[in-house]
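1. sequence first, then the predicted structure:
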Amino acid sequence: MAAKGSIATRKLHRSATIGLTATKVGLRHLGHVGKKKFTVGYSTPKQDEEVRTKHEEDIGKTLFKALNQLKGTALKASQILSMEADILPEGIRRELSKACYKATPLNRALVDKVFRDQFTKSPGAIFENFDSKAFAAASLGQVHRAKLASGQDVAVKVQYPGIAASIKSDMKMLGGLLTVISASTDLMPDRNIIDTVLDEITIQLHREVDYFQEAESLKWFRDKIKDERIIVPEIYDDYSSERILTTQLLTGLHLDEWLATNPSQEAKNAYGQLLFDFFFNSFFELGFVHADPHPGNFLFMENGQLGLLDFGCVRKMDGGFTQIISDYYKFLIHHHTVEPDYEKLRGFYEDLELSKDEMTDEEFRSLLQPQLDIIQKWMIEPYLEEQFNFTNREWPEIKMADTRKITPFMKEINRNLLYFDRTYRGMILLLSKLGATVKTGNKWIGA
């Protein structure tokens with residue numbers, strides 16, 4: 001058993017944790033299938049739905065418990081997967097989303113070790129004051145309050161030791177676990193889709209453990225964002241390294257904390273508009289997106305300002321891709337009331353590398369498009385009117401059995417589209433929790 005406050009870096013221990021979790025998931029699903037057989041014909045659709053939701057939550061809790069125990073890259077993968085609506089059902093994603101907030105912090109000795117490895121000094125010898133108790137614990141590191149000799153309050157992000165070294169083995173083990181779940185349950189799509197997503201997560205993790213790269217991304221956004229209501233913290237290079245990142249300490253509330261203050265609808269709408277415009281400006285104007293839009297990375301500050309945190313996951317978007325997305329949305333919006341133009345749609349899917357060329361027209365019309373049509377109607381709904389109320393808006397639920405039907409006709413997921421969809425959904429989730437009504441018309445895809 002790993003000591004409290006440490007990371008289970010031994011490969012044998014981490015493998016055993018994943019293996020035990022796979023066994024638990026398999027047994028839980030077998031038990032669920034067995035119960036269903038005995039209740040066929042005796043339960044209502046509502047009861048069946050409640051049982052299914054409870055089963056997904058149980059699986060999600062089992063996965064999160066294991067990934068939180070492993071911490072590090074495994075926990076970060078949990079956070080990312082919680083936003084992948086095409087990969088996991090909603091019940092599992094809800095449990096995995098706890099990775100945004102509920103990571104267990106490291107003990108003081110390990111924090112000191114990271115500082116001595118990076119600066120050959122303890123934090124007490126570097127800062128005027130350093131709070132050894134982290135005020136935020138995330139998946140790849142934790143954040144401490146500190147004060148510089150100048151009196152400036154700063155936030156010091158300390159990366160967990162052993163994180164970078166564990167990426168390859170952790171992702172391999174996680175891939176094996178998800179493959180087992182895919183093969184033994186009906187809760188996930190085929191392996192080729194899983195492999196593509198996990199491969200991109202691996203690339204992302206390698207970027208996120210390099211704090212030099214994050215510092216450059218933070219400086220880039222700080223320089224390019226011109227809206228004074230959006231606050232990007234200043235970075236302190238002399239107190240930063242590959243594994244330690246020191247920035248200006250922003251003060252504010254995370255989304256749930258802010259909502260607990262009972263803000264006015266006007267305030268909710270103002271923040272919602274700010275988030276909405278920030279996403280579209282970043283994607284279309286800057287060609288660079290902050291691609292980790294979970295609520296923990298935003299601070300609701302005084303005077304209607306919005307603080308942006310954690311620039312480890314950013315994505316530069318190709319100009320050709322942004323144009324395709326613009327044309328695609330405009331086409332869907334202006335043709336939503338007429339018979340689908342299958343030829344035009346198929347052309348978009350080929351541009352987005354979604355569908356296989358060898359698919360027949362009949363397969364396209366009868367199998368693939370009916371499922372994608374559900375998603376497309378959801379996508380364009382906010383743009384059919386001048387403004388839209390995003391309250392309680394959730395990604396449309398598509399049964400995994402239906403997803404499996406169409407995966408043979410789909411290519412591996414387009415990497416740019418993966419980031420666009422994840423960031424867009426994250427923005428929608430924030431607007432939904434805010435309960436914001438937003439003016440959705442814009443020159444890129446709106447009316």
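-> Nice, I can see it. Numbers count the residues shown, from 1 in each chain.
2. which residues in this structure form strands?
-> 129-130, 136-137, 141-147, 153-159, 230-231, 244-248, 288-290, 298-300, 306-308, 314-316, 387-389, 437-439 (DSSP state E).
3. state the mean pLDDT of the third one.
-> When pLDDT is averaged along strand 141-147, the result is 93.
4. what's the angle from it to strand 244-248?
-> Inter-element angle recorded for strand 141-147 and strand 244-248: 50 degrees (by axes from the mean of the first three to the mean of the last three Cα atoms, to 10 degrees).
5. identify the residues contacting strand 141-147?
-> Contact with strand 141-147 is made by 103, 105-106, 111, 123, 127-137, 153-160, 163, 246, 249, as judged by Cβ atoms under 8 Å, 6 or more residues apart in numbering. All C-beta spots, glycine's among them, are computed from the backbone N, C-alpha and C.
6. quick one: closest of the strands of the chain to residue 328.
-> strand 288-290 (16.9 Å; Cβ to Cβ).
7. helices and strands around that closest one, which ones?
-> helix 211-224, strand 314-316, helix 415-434 (3 or more Cβ pairs under 8 Å, 6 or more residues apart in numbering; DSSP states H and E).
8. what about the residue nearest to residue 418 when sequence neighbours are not counted, how many neighbours?
-> Leaving out its chain neighbours, the residue that sits closest to residue 418 by Cβ to Cβ, 6 or more residues apart in numbering is residue 200, at 5.8 Å. Residues contacting residue 200 under the criterion other Cβ atoms under 10 Å number 17.
9. care to break this protein down by domain?
-> As recorded under automatic domain parsing, the domains making up the chain are 11-102+167-185, 252-447.
10. rank those domains by mean pLDDT and give me the bottom one.
-> Of all the domains of the chain, domain 11-102+167-185 has the smallest average pLDDT, which comes to a mean of 60.
11. can you list the strands of the chain in CSV and add mean neighbour count and distance to residue 378?
-> Listed next are the strands of the chain as CSV, based on neighbours: other Cβ atoms under 10 Å; distance: least, Cβ to Cβ, whole Å:
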stretch, mean neighbour count, distance to residue 378
strand 129-130, 16, 47
strand 136-137, 18, 33
strand 141-147, 21, 35
strand 153-159, 22, 36
strand 230-231, 18, 27
strand 244-248, 23, 37
strand 288-290, 22, 21
strand 298-300, 22, 23
strand 306-308, 19, 26
strand 314-316, 20, 23
strand 387-389, 16, 12
strand 437-439, 18, 16
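12. ok, which of those comes nearest residue 335?
-> strand 387-389 (19.2 Å).
13. which other residues reach the closest one?
-> Here strand 387-389 makes contact (Cβ under 8 Å, 6+ apart) with 381-382, 435-440.
14. list the neighbouring strands of that strand plus their orientation.
-> strand 437-439 (antiparallel) (DSSP bridges).
15. measure the closest residue to residue 432 other than its chain neighbours to residue 147 for me?
-> Nearest residue to residue 432, sequence neighbours excluded (Cβ to Cβ, 6+ apart): residue 393, at 4.4 Å. Applying Cβ to Cβ, to the nearest Å, the value for residue 393 to residue 147 is 42 Å.
16. relative to residue 233, how far out is residue 374?
-> Residue 374 is 40 Å from residue 233, by Cβ to Cβ.
17. alright, calling it a day.
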